[in-house]
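Visitor: From the sequence below, what's the structure:
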Amino acid sequence: MNQSQPSYSIKKDWQAEVTSLPSWLKRPIGNASDLSTVQRIIKQRNIHTICEEGRCPNRGECYANQTATFLLMGQTCTRACAFCQVEKGHAPMALDPDEPQKVADAVSLLGLRYVVLTSVARDDLKDGGAAWFVQVMNAIRLKNPQTKIEVLTPDFWSGKDATSSQKERVATVVTANPACYNHNLETVSRLQAPVRRGAKYDRSLNVLRLVKEIDPSIPTKSGLMLGLGETEAEIIETLQDLRQINCDRLTLGQYMRPSLAHLPVQKYWTPEEFTNLGEIAQELGFSHVRSAPLVRSSYHAGEE
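Guide: Residues are numbered from 1 along each chain as shown. Presented below is the predicted three-dimensional model:
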C-alpha cells in the first residue's frame, strides 16, 4: 500500500489541462419531464440532491429508474476538495430539523425504490453527522418501508479525534443496516493531498474496513475518478488495496472539471480503457463493477 503523498503546488507542477472534450462524454441529459418533476419536488421542500448540486450527467436516467441521491445537512462542506463543486465554508448552516421528514416525503412522492443518502462533510458537528444519517434513514423507512437505502458517507474524521471516534461514528450508521455502505477513495494514494484536501487515503480505507469489521454482511463500495494524472498501475494498486479490506463493489468514472477554479483534467480515459479496468476489477474479485466514462458513485445503484 503506497502511503506517500505529494507536497507539490498544483499551480506550479500540475500538467497542462486537456481541454478538448471527447465525443463519448457528450450525451443528452435525459427525459425533461423526469428532470422537471424531481426538480420541482426538491425545490418545494428545500432539500438537496447531489444529482442536481453536482449536475450529474446520469440524473435523468436515474430518476426514470426511480433512484435518487439526497445531499444531507445543507449545501456547505467543511472540506475544500479541489475537484468538487459543492459550496465550501467553515460555518455551515444549522441542521434543518424537518429534513428527515422532507426527504421521506420526497421519496414517497417520487415513488423511489432505491435511495442513496450522502452528505457534505460536517466536521463542525460532534459526531460528524453520523446520527443524522440514521434519523433520515428511520424517517424514510417509516413512510416507505419497501425502499432500500444506500449510504455514501464522509470519513467521519474531524481532524482532532482518535480512530476510536471514527469507529463509533461508522458503527452508528452501520447498525442502522443500510443496503450498502459507500465511501469513495476518489483517487489514487499519490494524488490524495492535492485532490482531497483534509482527507487521507488510509483513513478512507479504514472506513470501509470498519464497516466489514462491525457487520460483514453489509456490502461495501468505493469509487475513483480517473483523469487527474494517475497511472494504470496506480489504479490497479488502489483496487488491490480495496480488495484487501474486502470491498465488494466499485465504480470508475471520468473526472470532468466543474469550473476553472477546479483541478484541470489530465487525461480523458477512453471507453475501451474503462472496459479493460472493469475486467481487471472483476478478476480481482469485486462482486459488482461499473466502469465507464460517465459512471458516478450512485450509477445503477439500485440494480446491485
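Visitor: Can you pull out the low-pLDDT segments for this protein?
Guide: Applying pLDDT under 70 to the chain picks out residues 1-19, 27-67, 76-92, 158-163, 259-261, 299-304.
Visitor: Can you tell me the element A121 falls in?
Guide: For A121, there is no host helix or strand (DSSP states H and E).
Visitor: Now it, what are its backbone angles?
Guide: Torsion angles at A121 (phi, psi; degrees, to the nearest 10) stand at phi -70, psi 130.
Visitor: List the beta-bridge partners for L72.
Guide: Taking DSSP bridges as the rule, L72 bridges to S119.
Visitor: V207: how many residues sit nearby?
Guide: 26 (other CB atoms under 10 Å). Bear in mind the C-beta positions are built from the backbone N, C-alpha and C, glycine included.
Visitor: what's the helix or strand for it?
Guide: Going by DSSP H and E, V207 is part of helix 201-214.
Visitor: quick one: contacts of that helix?
Guide: The list of residues contacting helix 201-214 from outside it, by CB atoms under 8 Å, 6 or more residues apart in numbering, reads 1, 3, 5, 153, 155-157, 163, 166-167, 170-171, 174-175, 181, 183-185, 189, 192, 218, 220, 222, 241-242, 245-247.
Visitor: Just the buried ones among those residues, please.
Guide: 153, 155-157, 166-167, 170-171, 174, 181, 183-185, 189, 192, 218, 220, 222, 241-242, 245, 247 (16 or more other CB atoms under 10 Å).
Visitor: does the residue nearest to L21 when sequence neighbours are not counted sit in a helix, a strand or a coil?
Guide: Computed as CB to CB, 6 or more residues apart in numbering, the closest residue to L21 that is not its neighbour in sequence is Y268, at 7.6 Å. What DSSP: H, G, I helix; E, B strand; the rest coil gives for Y268 is coil.
Visitor: I'd assumed Q254 was in contact with Y268.
Guide: Yes - judged on CB atoms under 8 Å, Y268 makes contact with Q254 at a distance of 6.3 Å.
Visitor: pretty sure L142 is in a strand, no?
Guide: No - under three-state DSSP, L142 sits outside any strand and is assigned helix.
Visitor: how many other residues sit next to it?
Guide: Neighbour number of L142 under other CB under 10 Å is 11.
Visitor: Could you measure from S297 over to T153?
Guide: Distance, S297 to T153, by CB to CB, to the nearest Å: 11 Å.
Visitor: shared neighbours of those two, which are they?
Guide: By CB under 8 Å, 6+ apart, the residues touching both S297 and T153 are 118, 182.
Visitor: just to revisit the earlier point, ok, Y268 and Q254, which is more surrounded?
Guide: Set Y268 next to Q254 and count neighbours by other CB under 10 Å: Q254 wins out with 23 against 18.
Visitor: Show me where this structure has its strands.
Guide: 48-49, 67-72, 76-77, 87-88, 114-119, 148-152, 180-182, 220-226, 249-254, 288-291 (DSSP state E).
Visitor: a markdown table for those, including distance to V107?
Guide: As requested, the strands of the chain are arranged in a markdown table below (distance: least, CB to CB, whole Å):
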| stretch | distance to V107 |
| --- | --- |
| strand 48-49 | 11 |
| strand 67-72 | 8 |
| strand 76-77 | 23 |
| strand 87-88 | 24 |
| strand 114-119 | 6 |
| strand 148-152 | 9 |
| strand 180-182 | 17 |
| strand 220-226 | 20 |
| strand 249-254 | 22 |
| strand 288-291 | 23 |
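Visitor: Quick one: closest of the ones you listed to S23.
Guide: Nearest of the strands of the chain to S23, taken as CB to CB: strand 249-254 at 12.9 Å.
Visitor: Pairing partners for that closest one, with directions?
Guide: Paired neighbours of strand 249-254 in the sheet (DSSP bridges): strand 220-226 (parallel), strand 288-291 (parallel).
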